[in-house]
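got a sequence here, can you build the structure:
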Amino acid sequence: MKDNRLLEMRVFKALVDAGSFTAAAHVLGLSQPFVSQTITQLERRLGVRLLHRSTRGRRLTEEGERYLVSCRRILDEVEQAEAEISAARSQVSGDLRITAPLAFGLDQIVPRLPAFMAEHPQVIVHLALTDSVANLIEENVDVAVRMGRLEDSSLMSRKLCDLQRIVVAAPSYIASHGAPNMPHELSRHNCLMWEGPLDHLNRWPFLVDGRAQSLLVKGNFRSTSGQTMFELCCAGMGIMRLAEHLALPAIANGSLVPLLEEYRGQDDTAIHAVFLPERELLPRIRAFVDYLVQVFVTPPWSRR
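You can find the predicted model right below:
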């Protein structure tokens with residue numbers, strides 16, 4: 001039987017601290033319906049009301065006040081117990097669950113795993129590569145590598161490096177369709193586009209006459225997979241705004257050609273390793289995050 005009592009305590013504590021279901025969901029990185037359902041299930045299981053609900057807001061019942069005190073004590077003891085046990089280990093060991101974007105994971109994370117695992121042979125790595133944003137609590141993820149801007153949350157993060165993107169196309173595309181000379185000429189070209197949560201990346205930033213501009217591009221192909229878009233770009237299917245870790249090597253070997261270089265806008269984004277605060281002291285997590293920070297202090301693609 002699945003025991004969700006610690007999760008229920010965590011959600012209840014976050015709800016009280018944050019003041020609303022929406023704020024608690026934001027802090028925990030969960031959906032608002034999941035938080036609401038968890039509190040309902042908790043009250044049903046305990047057989048008491050923990051919250052008074054009215055149009056003026058919510059406040060704790062007497063039972064809720066007592067339960068909150070217990071929640072804080074138990075969650076603090078769990079975190080302290082894990083930290084003490086982990087700190088006592090002389091060897092980094094245990095299951096390490098990692099998630100990363102597909103293209104970046106294949107290109108940059110997978111090649112770095114052998115050295116880390118050779119240094120820490122007692123660590124068992126579980127790697128999931130996906131362009132979907134993982135929920136660290138629900139999916140039991142230890143470390144998530146994330147590209148772009150981090151949303152405000154209760155997650156801890158370590159910056160690995162800056163993230164820049166370059167507008168590129170394959171020589172075959174340019175031979176067939178020509179190359180845009182000005183950003184506004186992209187309206188006459190086929191651009192490879194993101195779909196889903198990352199569709200904001202379809203608005204490309206440029207600097208024109210010293211002023212920042214952004215253009216919403218269009219095209220006949222959309223995908224949730226950056227790796228798929230990269231491969232189609234190399235095949236001459238369209239123009240793409242591609243992350244440097246893939247763009248620079250492809251430009252160097254002639255697979256892709258940079259476009260609109262004199263108008264390139266700077267991305268105010270980065271690549272981070274994120275993890276839950278209570279897991280920061282676990283040796284396997286600290287060791288892996290420290291390793292990533294060391295690897296990317298000078299991005300590998302910038303050394304080529």
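
tell me the SS of the residue nearest the centre of the chain?
Nearest to the mean C-alpha position of the chain, counting by Cα atoms, centre = their mean, stands residue 146 at 3.0 Å. State at residue 146, reduced to three classes by DSSP: H, G, I helix; E, B strand; the rest coil: strand.

residue 295 versus that one, what's the distance?
For residue 146, the distance to residue 295 (Cβ to Cβ, to the nearest Å) stands at 16 Å. Every residue, glycine included, has its C-beta placed from N, CA and C.

hmm, back to that, tell me which element the nearest residue to the residue nearest to the centre of the chain once chain neighbours are set aside falls in.
Of all residues not flanking residue 146 in the chain, residue 272 sits nearest, at 5.3 Å (Cβ to Cβ, 6 or more residues apart in numbering). According to DSSP states H and E, residue 272 maps onto strand 269-275.

pLDDT of that strand, averaged?
Strand 269-275 carries an average pLDDT of 90.

same question for stretch 206-218.
Stretch 206-218 carries an average pLDDT of 89.

next, the buried residues of stretch 7-25.
Residues of stretch 7-25 classed as buried by neighbour count (16 or more other Cβ atoms under 10 Å): 7-16, 18, 21, 24-25.

and the contacts of that stretch?
26-28, 30-32, 34-36, 38-39, 41-42, 45, 50, 58, 60, 64, 67-68, 71-72, 74-75, 137, 154 (Cβ atoms under 8 Å, 6 or more residues apart in numbering).

okay, and the beta partners of residue 214?
Beta-bridge pairing for residue 214 (DSSP bridges): residue 205.

distance from the centroid: which residue in the protein tops it?
Largest separation from the mean C-alpha position in the chain: residue 62, at 39.2 Å (Cα atoms, centre = their mean).

what's the distance between that residue and residue 75?
For residue 62, the distance to residue 75 - Cβ to Cβ - is 21 Å.

one step back: enumerate the beta-bridge partners assigned to the residue nearest to residue 146.
Beta-bridge partners recorded for residue 272 (DSSP bridges): residue 146, residue 159.

list the residues that contact it.
Here residue 272 is in contact with 145, 146, 150, 157, 158, 159, 160 (Cβ under 8 Å, 6+ apart).

try residue 154
Going by Cβ under 8 Å, 6+ apart, residue 154 touches 14, 27, 28, 29, 276, 277.

name the SS class of it, please.
Quick answer, by three-state DSSP: residue 154 is coil.

look up phi and psi at it.
The phi/psi pair for residue 154 (degrees, to the nearest 10) reads phi -90, psi 10.

now do the same for it: its pLDDT.
73.

nearest residue to residue 293 in space, please, no chain neighbours.
Nearest non-adjacent residue to residue 293, counting by Cβ to Cβ, 6+ apart: residue 158, 5.6 Å away.

neighbours around the one you found, how many?
16 (other Cβ atoms under 10 Å).

tell me the SS of residue 79?
Secondary structure, three-state DSSP: residue 79 is helix.

surely it touches residue 278?
Yes. Between residue 79 and residue 278 there is a contact at 4.6 Å, judged by Cβ atoms under 8 Å.

picking up where we left off before, wait, the residue nearest to the centre of the chain touches residue 132, no?
No. Here residue 146 lies out of contact with residue 132, judged by Cβ under 8 Å, at a distance of 11.2 Å.

now do the shared contacts for the two.
With Cβ under 8 Å, 6+ apart, residue 146 and residue 132 have no common neighbours.

list the contacts of residue 123.
Neighbouring residues of residue 123 by Cβ under 8 Å, 6+ apart: 92, 93, 94, 95, 96, 116, 117, 284, 287, 288.

so where is this protein shaky, pLDDT-wise?
Residue ranges of the chain with pLDDT under 70: 1-2, 54-57, 84-91, 152, 280-281, 303-304.

convert the C-alpha atoms of whichever strand or helix holds residue 41 to PDB, please.
Using DSSP H and E, residue 41 sits in helix 32-46. What follows is helix 32-46, C-alpha atoms only, in PDB (Å, rounded to 0.1, in the frame of the first residue of the first chain):
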ATOM      1  CA  GLN A  32      -3.300  23.600  -7.900                       C
ATOM      2  CA  PRO A  33      -5.800  20.700  -8.300                       C
ATOM      3  CA  PHE A  34      -3.200  18.200  -6.900                       C
ATOM      4  CA  VAL A  35      -2.700  20.400  -3.800                       C
ATOM      5  CA  SER A  36      -6.500  20.800  -3.300                       C
ATOM      6  CA  GLN A  37      -7.100  17.100  -3.800                       C
ATOM      7  CA  THR A  38      -4.300  16.100  -1.400                       C
ATOM      8  CA  ILE A  39      -5.800  18.300   1.400                       C
ATOM      9  CA  THR A  40      -9.200  16.900   0.800                       C
ATOM     10  CA  GLN A  41      -7.900  13.300   0.900                       C
ATOM     11  CA  LEU A  42      -5.900  14.200   4.100                       C
ATOM     12  CA  GLU A  43      -9.000  15.500   5.900                       C
ATOM     13  CA  ARG A  44     -11.000  12.500   4.800                       C
ATOM     14  CA  ARG A  45      -8.400  10.100   6.000                       C
ATOM     15  CA  LEU A  46      -8.100  11.900   9.400                       C
END
